[in-house]
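> any chance you could fold what I've pasted below:
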Amino acid sequence: MDSPAPSALPSPVRSLPPEGLRALRSIPLKDFLRADREVRVFEGPIELKLGVTRELLRGSQGPVWFQGTGKGSLVGNLWATRERVAHYFGIAPSGLPDLLLEALEHPIAPELVPRSQATWAAHEAPADLTKFPVPWFYPEDAGSYLSAAVFSARWQGKRNLSYHRVWVQGPSGGPVRLVPRHLDRMVREARKEGIELPVATVLGAPLEFLLAGAVSTDYAVDEMEIASALCRKRTGRPLRVVELESGARVPAEAEIVLEGKFLKKDVPEGPFLDILGTYDAVRDQPVVEFHRMYHVEDPVLPVIVAGSREHFILMGLPREPMILRAVRAVVPGTKAVRLTEGGAAWLHGVVSIDKRRDGDGRNAILAALSGHASMKRVVVVDQDINIFDDQEVEWAIATRFQADRGLLTIPHAVGSSLDPSASTDGLTCKWGLDATLPVKLDRRPFTKGRLP
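Okay, here's the model as predicted:
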């Protein structure tokens, strides 16, 4: 299907001066999208089954706002590049891991406000997910999925934010893919006490909240406080949140908020194409049942295409500060880290260090692999290598790496459950490439000539 010509939009978000970023609001989404010249408006009809995916993966993979679904509008590729995320915060793309690390290490309490101040309080109704344009993304997916849902829950004094896909089997919900982490723990512990865990689900929220929902933290950490720290860093004030009757907290600015509970039963979930571009296995998973929904006027449903650049950013970028912190603990001169797109921003990474001692490269490898348990391969390079340029990284491997002295392998390690090459018991061989130069070596033969 040919896409309609882009609609003319008013002044772009990218034209805002740095001081304007403090007042930038990303909710309601329709206002944000109208102000962003990078957004391509798709006004014609679009097939929710496979059509949305095809259009979002075309060309530059820039933001696309679909307005002809027949069930309201939806948007994808909204945060598909480091540059867009960095511009939102008014920093250079290379500074994003440090920004997230600062928020992780210095969280602040959000500002509680009454429900009457919430953008989503404008419309309240019994939950009916069929009113939203929920896509069917890939041919072998089990059905239509909410792919950008952030869950908020509280259990025994602990709070959690996390992304989880929802297979929409009817108006009130369906099975939810829970990896064995914090929300899964809450659901299982609540079941042991005969309780159906209350939960709130947010679709469309400020970027600070979206990034915090994907940060990997200890069970005792409230990710909402990380979001609040990011919000204060950009705007000068903490994140404004509303506490629902269940105790779950949601941003006061959100497109759609769903209230519900996890039932005390599991059903088969999947298959569904995941971040590696392969189909995830079918597993028995908990069922969520929503009973109330709230939304802004004319809500825009955000979607994330699995394995797309936006998926890489929103899932991979929030893991980089954990890698950065782990490596800096053993190599203080660590400059930057990156989970690479070629490794689906999940299995492969690169680390840049200011090497002071021989052995720093190996220590950085071990620390990086501990900082992100799903990572299978990491390349460590000197600080003169631009780790955001794949060609430069490969050049460093080609000219500075020798496998007999720079290759480190760790067999029989627990890796990512998504890796299809791992053994049936989930074990994998992790490996690191130390492509740094010895400290006392003459660097001239390893330095590119440059024009003045």
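> wouldn't Arg191 be in contact with Asp266 here?
No. In this structure, Arg191 is not within contact of Asp266 by C-beta atoms under 8 Å, at 9.9 Å. In this view, the C-beta of every residue, glycine as well, is placed from N, C-alpha and C.
> could you say which helix or strand holds the spatially most central residue of the chain?
The centroid of the chain falls nearest to Leu314 when counting by C-alpha atoms, centre = their mean (2.0 Å). Leu314 belongs to helix 309-316 when assigned by DSSP states H and E.
> from the chain's centroid, how far away is that helix?
5 Å (C-alpha atoms, centre = their mean, to the nearest Å).
> who's in contact with that helix?
Identification of contacts with helix 309-316 by C-beta atoms under 8 Å, 6 or more residues apart in numbering yields 61, 76-82, 85, 163, 210-211, 214, 275, 304-305, 339, 341, 344-346.
> cutoff 6 Å now
Residues outside helix 309-316 that contact it (C-beta atoms under 6 Å, 6 or more residues apart in numbering): 61, 77, 79-80, 214, 275, 304, 339, 341, 345-346.
> please look at Leu197 and Glu189 and confirm they touch.
No. At 8.4 Å, Leu197 and Glu189 do not qualify as touching, with contact defined as C-beta atoms under 6 Å.
> which residue of the two possesses the greater neighbour count?
Neighbours were tallied for Leu197 and for Glu189 using other C-beta atoms under 10 Å; the higher tally belongs to Leu197 (24 against 14).
> residues contacting the more buried one?
Here Leu197 is in contact with 186-187, 190, 262 (criterion: C-beta under 6 Å, 6+ apart).
> what distance do you get for Lys233 to Phe42?
34 Å (C-beta to C-beta, to the nearest Å).
> out of these two, which sits in the more crowded spot?
Phe42 (25 against 17).
> just checking, that one touches Pro63?
No. Contact between Phe42 and Pro63 fails when scored by C-beta under 6 Å: they sit 10.6 Å apart.
> what helix or strand is the nearest residue to Ala336 once chain neighbours are set aside located in?
The spatially closest residue to Ala336, leaving aside those adjacent along the chain, is Ser352, at 4.7 Å (C-beta to C-beta, 6 or more residues apart in numbering). Applying DSSP H and E as the criterion places Ser352 in strand 348-353.
> could you give the bridge partners of Pro198?
Lys261 (DSSP bridges).
> so it sits against Phe262, correct?
No. In this structure Pro198 lies outside contact range of Phe262 using C-beta under 6 Å: 8.3 Å.
> those two - which one has more neighbours?
Comparing Pro198 with Phe262 by other C-beta under 10 Å, the one with more neighbours is Phe262, at 27 against 18.
> so what's the more buried one up against?
By C-beta under 6 Å, 6+ apart, the contact list for Phe262 reads 187, 196-197, 286, 288.
> how close does it sit to Val202?
Taken as C-beta to C-beta, the span from Phe262 to Val202 is 16 Å.
> residues contacting Pro110?
224, 228, 238-239, 241.
> buried set for stretch 365-381?
365-369, 371-372, 374-381 (16 or more other C-beta atoms under 10 Å).
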